[in-house]
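>>> Predicted model and sequence follow; I will ask about them next.
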Amino acid sequence: MARRRVAHKVLGVSALVVLSAAAGMVGLAGPAAADAVTTPAELRAAIDAANSSSDPTTIDLVAGTTYTFSGDECGDGPEDDNESGDLDLRGTADVILEVATGAPATIQMSCPGERVIQFQPESEATLTLENLVITGGDAQGDDVDDSIGGGVVAAGGDLVLDHTTVTGNRANTNGTGFLGGSGGGVVIVEGALTGTNSTITNNQAGDGTTGAAG
C-alpha cells in the first residue's frame, strides 16, 4: 500500500519531560462510559470511524484496562491505513482518546517494529490523549517513516497530552535509518506539543551512539 511521507524536521522526545499545570489528578476509580471500547479490535474500529468522519470524535476507553496489540493485530509490516500494527489516525477532524474518569488505560504495542500511534491528519487537527499510558512502541526500520517516534508521531497536527504517560518506547535502536532514530517517546513534525500533568520518560532513541533529538 502507498506510504505517505513525513517531513524530516522533527521535535523528538525520549528523556524525562514533565508537562504540568495546576489541574488536579484524575481519580483512581470510576464507571466506564456506556459506549467505551473494550478490546484492541474495537479501538482500531473506532479509529477507522474517526478517520472517516468530518466531525470531532471522542473515543472512550475503559479505566484500568490494558489494550495490547499483538498476534493478528500485527499484520505483515508497517502501513498507514490503520489495518494492522500501529494506530493510524489520518482524518480531517480533532480526535480525543480518553478515560474520562478512573485509573488510566494502557495502550500497549507488542507488534515487532511498530510504534504505538501515528497521527497524520489530512488537514490541520488535534489529537488529545487523556488519562492514558502509551508504551511498548518499537519504531524500527531504514525508512524515515518507520524509524522515528516509538510512542507517538504527530505529523502535520498538534498533540495534547492530558494526564498521560509515554514510557517504555523505542525508536530505531539498531542505529540505522534516518539519523539512527529520533524521539523514542514522541516526535512532532510541523505541529505543537502541549500537556497537562503528563510525563515522557524512559524511552530510547538510537543505539546509544547515534540518533537525533532524544
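Everything's here; your move.

>>> Which stretches in this structure count as helices?
Taking DSSP state H as the criterion, the chain carries its helices at 40-52.

>>> pLDDT weak spots in it?
Under the criterion of pLDDT under 70, the regions of the chain flagged as low confidence span 1-34, 141-146, 173-182, 207-214.

>>> Now the spatially closest residue to residue 197 that is not a sequence neighbour, what are its backbone angles?
Excluding the flanking residues, the one nearest residue 197 by CB to CB, 6 or more residues apart in numbering is residue 163, at 5.0 Å. Using the backbone N, CA and C atoms, a C-beta is placed for each residue, glycine as well. For residue 163, the backbone dihedrals are phi 50, psi 50 (criterion: degrees, to the nearest 10).

>>> and residue 163, how many neighbours?
The tally of other residues near residue 163 (other CB atoms under 10 Å) stands at 21.

>>> Residue 105 is in contact with that one, correct?
No. Here residue 163 does not reach residue 105: they are 11.3 Å apart, not a contact under CB atoms under 8 Å.

>>> So the residue nearest to residue 197 versus residue 72, what's the distance?
31 Å (CB to CB, to the nearest Å).

>>> what's the overlap in contacts for residue 163 and residue 105?
Taking CB atoms under 8 Å, 6 or more residues apart in numbering as the contact rule, the neighbours common to residue 163 and residue 105 are residue 131.

>>> Could you measure from residue 87 over to residue 79?
Per CB to CB, residue 87 is found 12 Å from residue 79.

>>> isn't residue 73 right up against residue 43?
No. Because the distance of 9.9 Å does not satisfy CB under 8 Å, residue 73 is recorded as not touching residue 43.

>>> that older thread, neighbour count winner among residue 87 and residue 79?
Neighbour count, other CB under 10 Å: between residue 87 and residue 79, residue 87 has more, with 24 against 16.

>>> residues touching that one, list them.
So, once contact is read as CB under 8 Å, 6+ apart, residue 87 ends up touching 43, 44, 47, 69, 107, 116, 117, 118.

>>> Of these, which is the nearest to residue 60?
For residue 60, the nearest member of these is residue 43. The distance, counting by CB to CB, is 10.2 Å.

>>> can you tell me which residues contact the closest one?
Contacts of residue 43 were listed using CB under 8 Å, 6+ apart, and they are 37, 59, 61, 67, 87, 107.

>>> cutoff 6 Å now
Taking CB atoms under 6 Å, 6 or more residues apart in numbering as the criterion, residue 43 is in contact with 37, 67.
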